[in-house]
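Novice: No letters, just coordinates:
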């Protein structure tokens, strides 16, 4: 029994085959599409049914660098735009900033930089009080994690 190698289109016999991406290849035909290094079955990345080595080729061609967001006057990899305090991933234009560093509005920015005194404004929801909130820059932000009473 033989199969056809997707790279060289020649027959692949059982004794010489390696299986990857749902196909049978000659061992030396399973190569990175970009740098042509020999790959091991299951030890490589795939894009549109074609094999790529993880580093540097797949990352350079299809990695996070391709997904840039502009925020705080500079470009960020989408997964790198995170709150400095809680490390939650942020989206451009929907986060706070202090000294050029990104923070999520709730709870981190309010907790770190919101007012420290005054009266809290308890919010009532479905018969239960929500955590204390403060009005900061037009937003209600969480200050403490205990219910108002």
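Specialist: Happy to help now that I have it. This is a predicted model, so every value here is computed, not measured. Numbering: from 1, shown residues only.

Novice: Now do the contacts for residue 26.
Specialist: By C-beta atoms under 8 Å, 6 or more residues apart in numbering, the residues touching residue 26 are 5, 7, 8, 10, 12, 16, 17, 18. For every residue, glycine as well, the C-beta is placed using N, CA and C.

Novice: What of residue 18?
Specialist: Taking C-beta under 8 Å, 6+ apart as the definition of contact, the neighbours of residue 18 are 24, 25, 26, 27, 30, 40, 41.

Novice: Would you list the buried entries among these?
Specialist: The neighbour-count test (16 or more other C-beta atoms under 10 Å) marks 24, 25, 26, 30 as buried among the contacts of residue 18.

Novice: Now do the buried residues in stretch 71-80.
Specialist: Using 16+ other C-beta under 10 Å as the test for burial, stretch 71-80 gives 71, 76.

Novice: my bad, stretch 96-113
Specialist: Of all the residues in stretch 96-113, those buried under the rule 16+ other C-beta under 10 Å are 96, 102, 103, 104, 105, 106, 107, 108, 109, 110, 111.

Novice: quick one, strands of this protein?
Specialist: Taking DSSP state E, the strands of the chain run over residues 2-4, 11-13, 17-20, 23-26, 45-47, 50-52, 68-71, 74-77, 96-98, 101-103, 124-125, 128-129, 131-136, 139-147.
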